[in-house]
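J.: Got a sequence here, can you model it:
(chains A and B)
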Amino acid sequence: MKPEDRQEWTPEERRALDALPREEAPPAWLEDRVVSDLRGRGLIAAASTRRSRSLLAGALAACLATFAAGLALGTRWDRREAIPPPSIPRFVLFLYENADYEAPAPGEKARRVEEYRSWARALRDRGALVDGEKLKDAGRLIAGTGEWTSVKDGVAPAEEGVLAGYFIVSARDAAAALAIARDCPHLKHRGRIAVREIDPV
Amino acid sequence: MGMSTEKAEDRDLVASFLDGREEAAFRELYRRHTAALFLLASRLLGGGRGAEDAVQETWIRATARLGHFRWESSLKTWLCGITVNLCREMLRERAAGATTSALPEATAHGHPRHAGGDGIDRLDLERAIRRLPAGYREVLVLHDVEGHTHEEIAALLQIEAGTSKSQLHKARRAIRAALMSPAPKGAGEDDHEA
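T.: Predicted structure coming up:
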């Protein structure tokens, strides 16, 4: 700031402005997402490094199969496109379970979780996964305001079943998001998935 | 010291990256500059989500064009320019349903609110900046926080230097008015929590 430009501020205000931080660490996951995206676009060398190999070696065979299937479905970034659109659309995949859903048998839960986790890991490795969580079965419903507020146990009923989890993914468009959803193991177990684009208001 | 050394190191890193576009060289560049880009994007976008996307797009555009970068400015300034323009594009897309509440353009007299007698509270100041209209916010952040001149801002934003000065003047008045008004109840740092 030039001296004449500083005159409008009081010394106290200037001190406050000067004390503002100039840096803030971004979320740790962002670095890998950026690297994956750049790799997919051919802007950094293809993943032939030791690190990439160890990551792949560490993943399960199911992860590799899922990743390959994802590529086959055309969800990878177009390498020819060097200049991206201004922002990447994000979509939420809501995972529902109704009476058709094949819940894991006793003792199979860990394997089922790993199946989903492998799929998510493959998404993350190609930079498409933003976030995702499984929801606990129990929940509470709240409605109304003030003295009319009601709170009861339960989860919001939906025609598609109970909301059991979600994934937030980045995808070029709705078709690419649908392709990601089609590849989710949840469908194999007769669950249902609602795909909704995030409106970045 | 600092500047020329940093620049030389950036040059080495960029040369190393362009040589084979190796991931390791890119990660080094990323780790060196992203924290500044992230906070800049976060401020320009008015907080909330979106800074991550802006940073990602910045690096995509930067790595696509890095071979043509002529070192007429520092790498950091060049990267910041990309981030600024990206944030402008993102804000334009958001513009119709703008969620920022413009501050009153009150003529400010008196003294700003203090935080426990120890100067202006940083969070109050950040919040006031975040709530500025986008045009004011851009100029104030670039000039008063990032330290760019009006001429540099004019080039970055493709506006006249006089416009930058006028926007800055109005932005400062709005900030001062916000700092003197009582803090809105509940309008804290969690305004944008998911």
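
J.: Let me see the ranges of the helices in chain B.
T.: B:2-20, B:23-44, B:51-65, B:75-94, B:122-130, B:134-140, B:150-157, B:161-180 (DSSP state H).

J.: Select, out of these, the one closest to residue A:37.
T.: Among the helices of chain B, helix B:51-65 comes nearest to residue A:37, with 6.2 Å by CB to CB. No exception for glycine: its C-beta is placed from N, CA and C like everyone else's.

J.: quick one: is that closest one near chain A?
T.: Yes - judged by CB under 8 Å from any CB of the partner chain, helix B:51-65 and chain A are in contact via B:51-57, B:59-61, B:63-64.

J.: Which positions in that helix come out as buried?
T.: Under the neighbour-count criterion of 16 or more other CB atoms under 10 Å in any protein chain shown, helix B:51-65 has B:51-64 buried.

J.: and that helix, what does it pack onto?
T.: helix A:29-40, helix B:23-44, helix B:75-94 (3 or more CB pairs under 8 Å, 6 or more residues apart in numbering or on different chains; DSSP states H and E).

J.: ok, and for the last one, which residues are buried?
T.: Going back to what we said before, that points to helix B:75-94. Applying 16+ other CB under 10 Å to helix B:75-94 flags B:75-76, B:78-88, B:90-91, B:94 as buried.

J.: do stretch A:181-197 as well
T.: A:181, A:183-186, A:189, A:191-193, A:195.

J.: ok, now which ones touch the nearest residue to residue B:14 once chain neighbours are set aside?
T.: Once flanking residues are discounted, residue B:14 sits nearest to residue B:66: 6.1 Å by CB to CB, 6 or more residues apart in numbering or on different chains. Residue B:66 is in contact with B:14, B:17-18, counting by CB atoms under 8 Å, 6 or more residues apart in numbering or on different chains.

J.: Same list as before, the helices and strands packed on helix B:51-65 that is, but in JSON lines and with distance to residue B:138 and mean pLDDT included.
T.: Shown next, in JSON lines, are the helices and strands packed on helix B:51-65 (distance: least, CB to CB, whole Å; pLDDT from 0 to 100):
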{"stretch": "helix A:29-40", "distance to residue B:138": "23", "mean pLDDT": "88"}
{"stretch": "helix B:23-44", "distance to residue B:138": "6", "mean pLDDT": "94"}
{"stretch": "helix B:75-94", "distance to residue B:138": "7", "mean pLDDT": "90"}
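
J.: With residue A:164 as the reference, name the closest of those helices.
T.: Comparing the helices and strands packed on helix B:51-65 by CB to CB, helix A:29-40 comes nearest, at 23.0 Å.
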